[in-house]
Structures are given as C-alpha cells and as structure tokens.
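*Asks:* this one's sequence-less:
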C-alpha cells in the first residue's frame, strides 16, 4: 500500500495550525489590561484632562487596569465617556498587547453665556457645555436674563456673526435686555447696537456693515453712542 505523504503532511500542518491558534487564543484571553492611554484630538487647550477621563473608565466600581481583557465591556465604557458633557465624539478599544486606548474629540464652544443664575458655554452644535477649570475659551460673551429657551436664538445670532469676517472682528459681546431683545457691543467706537429680536438678521447686518463702512471711511464713527437696527431697512443712530 502506497502512503500518500502529502495527505499526512496536510493533516500535520492543520493540527499545528489548530494548536497554535488555541495556544494564542488562550494566551490572549488570559492577558490583562496593563496600561490605559488617552488621546485628545487637537490636543492644545484641553477642557478635560487625563485624570477626568480615567475616572470615567470604571467598570463594576473599579478601574479596568489589571482586569482580564475578556471581562472588559468596551461599549459601556465608551457610552460612559460619551455621556460627559464636554465630549463630542469618543472611541474606546483594546490593543492586542493589552492597552486600553481612548480617543476623544472635545466639544467646541462658540459663546460663553453669563446669565443671572448660571454660566456656561454653547458649542457649535447648539449644546450647553459646562465651564472648565482647566481652560477658558476666548469666545463671544453673552449676558443677561438668559434661559434654555433662548439657546436656539443665541445660537443663530452667534453663528451668523462668526460666519462673517467683518462682524466677527467687530462684535465683542451680546446682551439680552429685560424686554427680551438683544444689544450688541462693538470693538470700534464702543457703541451699543440695538438689534431687537432675533429676526431678519441678514438684512440688519447688511445695513450695519454699510453704516460701518461709511462712518469708518469719513471718520465719524466715534460721534455716535448707539445704532438702532430694529426698523426695517433703516439704521437709526444717536449722536453724542
């Protein structure tokens, strides 16, 4: 009987592969988390720090450091990190050699609200974001008796200002009055700009830019104390 050595070699090779896979799998499942790393996108001026993130990476009341990889619930850890009010996006994963890695994209504030009762940021997604003890963002300041009902109006106003290079340089503050209208503070001339309600913003700002262009050209901008944009297609000014 002729022995087919090719079949025997094939079976031996298959057995070796199965053995190595089983050995590797057993070694992998027995491996523990030996290190935790945190990476921030755009890592300067962090509102969060590494310690804050590590406190979120808790499972069953304790740190996942030195825990077996097989007991780590990555989905729950990621959901916990994402639930933090300063986090916009996050990913939590394990490496082959036992490192728990967390990557975080923090929220981007566009305005700081200082109401009569609270102070916080509004981010680029119109979400309320708490202040941070680690960093203070240089953004447009919004003050007055502001409630959460005003967030959509403030977001529309601030984004309209920030999308225009001229307005972004000139408008340094926003105040909500008791009459539920808005007043803008300017960098040049220090005038109060009475905007009124958050409506017809494109038309109002077009008129404002025309006024600034004219008065800055003839150097009369400092003669005015207030600029009223509340009336349709008009700019009504008060002289000193």
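*Replies:* Nice, I can see it. If you're wondering where the values come from, they're calculated on a predicted model, not measured in any experiment.

*Asks:* Quick one: the helices in this structure, in order.
*Replies:* 5-30, 50-54, 74-82, 151-162, 165-170, 201-217 (DSSP state H).

*Asks:* For the most centrally placed residue in the chain, which non-adjacent residue is closest in space?
*Replies:* The chain has residue 107 as the residue nearest its centroid, 1.1 Å off, counting by CA atoms, centre = their mean. Excluding its sequence neighbours, the residue lying closest to residue 107 (CB to CB, 6 or more residues apart in numbering) is residue 123, at 4.2 Å. For the C-beta atoms, the positions are set from N, CA and C on the backbone; glycine is no exception.

*Asks:* tell me the contacts of that neighbour?
*Replies:* 88, 107-110, 129 (CB atoms under 8 Å, 6 or more residues apart in numbering).

*Asks:* circling back to that earlier point, in this structure the residue nearest to the centre of the chain contacts residue 129, no?
*Replies:* Yes. Contact criterion CB atoms under 8 Å: residue 107 and residue 129 qualify, at 4.9 Å.

*Asks:* Between the two, which contacts overlap?
*Replies:* 85-86, 121, 123.

*Asks:* give the contact list for the residue nearest to the centre of the chain.
*Replies:* 47, 85-88, 121, 123-125, 127, 129.

*Asks:* just curious, which of the residues you listed is nearest to residue 184?
*Replies:* residue 121 (19.2 Å; CB to CB).

*Asks:* residues contacting that closest one?
*Replies:* Taking CB under 8 Å, 6+ apart, we find residue 121 in contact with 107, 109-113, 128-131, 137, 139.

*Asks:* low-scoring stretches of the chain, by residue?
*Replies:* 1-30, 43-45, 189 (pLDDT under 70).

*Asks:* What distance do you get for residue 210 to residue 111?
*Replies:* Residue 210 sits 25 Å away from residue 111, taking CB to CB, to the nearest Å as the criterion.

*Asks:* For residue 63, name its beta-bridge partners.
*Replies:* residue 58 (DSSP bridges).
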